[in-house]
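>>> Curious how this folds, go ahead:
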Amino acid sequence: FDNGRIFNAGSGALNLPSGSTMIVASEIFGRDSSGSVAFKNAALTFCDDEDPHWKVKASRIWLLPGGEFAFLNAVVYVGKFPVLYLPAFYYPKDELLFNPAFGYDERFGYYFQTTTYLIGRKPLQDSDTSSDDDLAAGIFNFMRPSTLKEQKREGLVLHNLDENFKGDASSYLKFMADYYANLGFSTGLSGVYKPTSSDYISSIEAGAQLAFTNTVFYSGGKYTPYSSDGKIEKDKSNFLGVEAPFRYSGKLSASIKKPFSLSLSMPVYSDPFFTEDFEKRSEYLDWINFLLGQTKTDDNDTEDTSSQTSSFEWTANASYSVPLPNFVKPFISTLSITNLSADISFNSKSRTDSDFSSAAVDWRTYSPERSFFYPSQVVPFKIAAKIEGTIFKYPFENVYEKFDPPSFPIELEIPEDLKSQKQKEANSQNSETKDGTQKKSEKEKDDALAFSIQELAPKPKENIIDVKGIEYKLGYSIVPQFTSQINYNSSDLLEPSDFKWGNFYSTYYQIKIPTTISSELGFRNPFVYSKNDFTFNPIYQTHPNLDGYTSESSKNSVKLSDYKAKKMDLVNDNTFSINPFAYSDVFKDSSIAWNSSIKIIKTEFIGDAEKPEWEYAVMKLTDEETVTSHTVSAKLAAKESDDFSQSLTLTSNLPPQLDEYTLNASFSFPYASLSAEVGIKQENEDTDNFIWNPFKQSATLKFFSGKLLFSESFNYEMEEKRSDSMKLSFSWNDFQLSYIMQYTTCYDFDSSEGWIAKEDKKFVPYTLSLAYSTSGKNFKYWKKRITWAPSLTAGIVYDCVRPTNSYFRFVPSLTFKIHEAFELSFSAETQNNVIFRYFQRFTKYDNVISGEENMFVDLWNSFAFWGDGQFYDSDQLNRRSSGFKLKTLKVSITRNLHDWDMTGSISFKPRLVTNGSGAKTYDYHPYITFAISWHPMPSFKTELIDEYGEWQLQ
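Here you go, the predicted model:
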């Protein structure tokens, strides 16, 4: 203090990211012997502008020792507008050992939650602004720290120190105890263990929570713990027939890295409503939500199921790769269990037993015992393994003994006559700095001596290719799989105790053992390459138990699906390619390739459910169902540079597939590209007639770095001798013109019935469109502090088939921005769906659409609020008759300030509403959004300093 003033110590007042300073203005203030400073009729802000962007005015403000502060009769202002009133507010810097949190909920009533960390400490709270109810919390989130501080416990208080916490807050064990005025109380333990240096354990998480509650009823527009009979109904739980006088939840999850990979997840809930009642917890004192929460009301008893648990799973997954000794490689290169898992799926179901049905209606409606969990599906065992390796490989791999490179006590230097001019200049520069180098320590000199004679090593010439000889590899791969499954039926479950683990609905298991023998041969690869695979894929599937299927037809249907799934197939896949110009930079993409896929053994089910019988068809090279793919292709390609390339590809089907020949040609030039494809194929196996495949062609032209682009595509049905489709597109900067013709259904217009489809299709003009879209231009003024950016998207589409479907769309927008101040945007969308009436008199469809046929008059009418001899026409006849309709009008603003962001928008959009009588009207009420969020600060600190008789507040 100095003559009744408190000096501001500058940027040290608050540890904010932006360096803001807390500023307090007051009529009168004082300080007591404990160090507390009191302000009367004061205003507080962190914004150091002359006209603060926000502030808090209060009749009393206290800055308490330890960095705490309090308000009395406080009003929060944004600019000059009050947005929130707080009768009293207290912000503690330090935390209590049990982390209390209290509040009010319409259903729970007043509640008090405590969390005591027995091991570890409380982690930072995740920010969440997803709900509109959190708006006030978002405004005041600057009071929550964004960094952890070291703490010192004194009694029940954890004092935050100035140093940042450098430990790990991810591992902890905490004790929870909560009380709810209407609901009851709950208690539990929760822990997480995440070792930072363990090679074996990734994480372990476990917890359990017990809740001793009573049913909360909704009566008379409010929630109460009393039933219609005036009694308190205590809640019980029943999980799979195990009854308990309390509700509960539990969780166990673990993740292990070594010696094998394992993940385990086992949650459990006594009822589907447990998470809705107890999952929403807090470990922070939230004064704002507490004050606002008391004003919230619920005007209906509609059940919110968004936070309920309808199902959960117990899962266990493991995998393991067997470390193999070198002497078994490469004969066995991989031996692993890729997946070993088991899981149980739980679903929820409503109670329908007689005891429940005879209970009071209000208890049946609101009791958590009204639903229960049951296992719906069990996967007792599921495994997949993989074994692969190389049986034979040529050339043989040579194993060399590793040795360390030689070290030399001194640096090897290049003889002077072998040095290049650049190296001589570098040596000259090094000699000039020799005096500085001599000042180095002996250790630095030793480190500076490097063995480097790269300049003496021969440098390989460019474009040298390693030409290999004959390479051969014979390998194998076995991937066995086993899956088992048990299903339960819920139709017979009336209450939790009805479930029995042995009452199966059905059981199922499947075995697969796909085995592949792969042979690869290459000669100067990629000059010649061949690959041959034999894959044997046996599949066995059955349902040993079908007790849940009551009818024989349903059982037989399941049996038939199992019989059809059984396979003993053997498939051979072949690939052979020759690249005769593999070592040519120009023709290296040219090749001749042959591919085939043959079912050597094919399984077919030919029996029925009573007498299952399979037929194993042996390979028939003349059967197209045996040889499923058989093609040969030849490609001649030349690539002179990145801009010039050509390719010609001929592809043909080989017997027993139906003959088919396809020719594809593509050309690329600096400003153009062209491609075309044509082919013929055999009509069917009973005739030798050939039919044409569609002719496909496309081309593009690009100029001025792609700013001017012309593209074209055309499809022609050669067999039917008709055009199928054509598209022409032209674009220049922001403009695009498109014209499409298509073989489609045509229509005739009838004044009473509208468009009537014709029977025959024709190749006719389909659409003609013109579009414009700005690429985003910014205009900056006044030293680039003011920016405005206009934007426009517009398009007109003419439907050549049904012209009345033509439309025009116009979307302008304007963004005005002041640097580090605010951003204001205006946008609108207008659409006209009756543009055809402006020129319909020039077509054969005269008077199809009634209304103004002069486009400019119609546009003027869209703004005409006047009419019928009056300045304002209440019926708005002109505007209603205009085809230009405003679809959306939106104004948005963004304010980015030192420590908070404000965003808001208001939009108008006609909304079709149906009233109770069925009449439809348009609603034009605005849609308004507004949000304010504060930037969190790492810490809050106040300090009074007596500097030679002058008091300073920091």
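>>> so where do the helices sit in the protein?
135-139, 274-278, 287-293, 354-357, 361-366, 421-432, 434-438, 442-448, 552-565, 855-861, 877-881 (DSSP state H).
>>> Out of those helices, name the one with the poorest average pLDDT.
In terms of mean pLDDT, the lowest-scoring of those is helix 135-139 (a mean of 43).
>>> domains in the protein, as residue ranges please.
Partitioning the chain according to automatic domain parsing yields domains covering residues 504-640, 756-773+793-934.
>>> Out of those, name the one with the poorest average pLDDT.
Looking at the domains of the chain, the bottom one is domain 756-773+793-934 with a mean of 83.
>>> Restricting to C-alpha, output the longest strand seen in the chain in PDB.
Across the chain, the longest stretch assigned as strand under DSSP state E is strand 371-394. C-alpha atoms of strand 371-394 as PDB (Å, rounded to 0.1, in the frame of the first residue of the first chain):
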ATOM      1  CA  SER A 371     -35.000 -54.800 -15.900                       C
ATOM      2  CA  PHE A 372     -32.200 -57.300 -15.500                       C
ATOM      3  CA  PHE A 373     -29.200 -58.600 -17.400                       C
ATOM      4  CA  TYR A 374     -28.800 -62.100 -18.800                       C
ATOM      5  CA  PRO A 375     -26.100 -63.800 -20.900                       C
ATOM      6  CA  SER A 376     -27.300 -63.800 -24.500                       C
ATOM      7  CA  GLN A 377     -24.200 -65.400 -26.200                       C
ATOM      8  CA  VAL A 378     -21.100 -67.100 -25.000                       C
ATOM      9  CA  VAL A 379     -18.000 -67.800 -27.000                       C
ATOM     10  CA  PRO A 380     -16.200 -70.300 -24.800                       C
ATOM     11  CA  PHE A 381     -13.200 -70.700 -27.000                       C
ATOM     12  CA  LYS A 382     -11.900 -69.200 -30.200                       C
ATOM     13  CA  ILE A 383      -8.400 -69.600 -31.600                       C
ATOM     14  CA  ALA A 384      -6.500 -68.800 -34.700                       C
ATOM     15  CA  ALA A 385      -2.900 -69.800 -35.300                       C
ATOM     16  CA  LYS A 386      -0.400 -69.300 -38.100                       C
ATOM     17  CA  ILE A 387       2.500 -71.500 -39.200                       C
ATOM     18  CA  GLU A 388       4.500 -70.500 -42.200                       C
ATOM     19  CA  GLY A 389       8.000 -71.100 -43.600                       C
ATOM     20  CA  THR A 390      10.200 -72.000 -46.500                       C
ATOM     21  CA  ILE A 391      10.800 -75.600 -47.600                       C
ATOM     22  CA  PHE A 392      13.400 -74.800 -50.200                       C
ATOM     23  CA  LYS A 393      15.100 -71.700 -51.500                       C
ATOM     24  CA  TYR A 394      17.600 -71.000 -54.200                       C
END
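>>> Mind listing what's buried along that strand?
371-376, 378-379, 382-390 (16 or more other Cβ atoms under 10 Å). Where you see a C-beta, it was placed from the backbone N, CA and C, and this is true even at glycine.
>>> swap in stretch 207-223?
Buried, per 16+ other Cβ under 10 Å, within stretch 207-223: Gly207, Gln209, Leu210, Ala211, Thr213, Asn214, Thr215, Val216, Phe217, Tyr218, Tyr223.
>>> residues contacting the fourth one?
By Cβ atoms under 8 Å, 6 or more residues apart in numbering, Ala211 lies in contact with Gly184, Phe185, Ser186, Asp235, Phe246, Arg247, Tyr248, Phe274, Asp277, Phe278.
>>> and it, how far is that from Ser253?
21 Å (Cβ to Cβ, to the nearest Å).
>>> what does the first one give?
Spatial separation of Gly207 from Ser253 under the definition Cβ to Cβ is 10 Å.
>>> and what of the third one?
Leu210 is 20 Å from Ser253, where distance means Cβ to Cβ.
>>> Now for the residue lying closest to Glu279 once chain neighbours are set aside: which residues touch it?
Leaving aside its sequence neighbours, Glu279 sits nearest to Ser307 (Cβ to Cβ, 6 or more residues apart in numbering; 6.6 Å). By Cβ under 8 Å, 6+ apart, Ser307 lies in contact with Thr275, Glu276, Glu279, Lys280.
>>> Read off the pLDDT value for Ser307.
76.
>>> Asn463 too?
On the pLDDT scale, Asn463 gets 53.
>>> Over to Phe102?
Phe102 is given a pLDDT of 84.
>>> cool, and Arg107?
Reported pLDDT for Arg107: 89.
>>> now swap in Leu97 and tell me
What the model reports as pLDDT for Leu97 is 84.
>>> Now for it: which residues touch it?
Here Leu97 is in contact with Thr116, Arg153, Leu156, Val157, Leu158 (Cβ under 8 Å, 6+ apart).
>>> Out of those residues, who's the most crowded?
Counting neighbours by other Cβ atoms under 10 Å, Leu158 comes out on top of the contacts of Leu97 with 18 neighbours.
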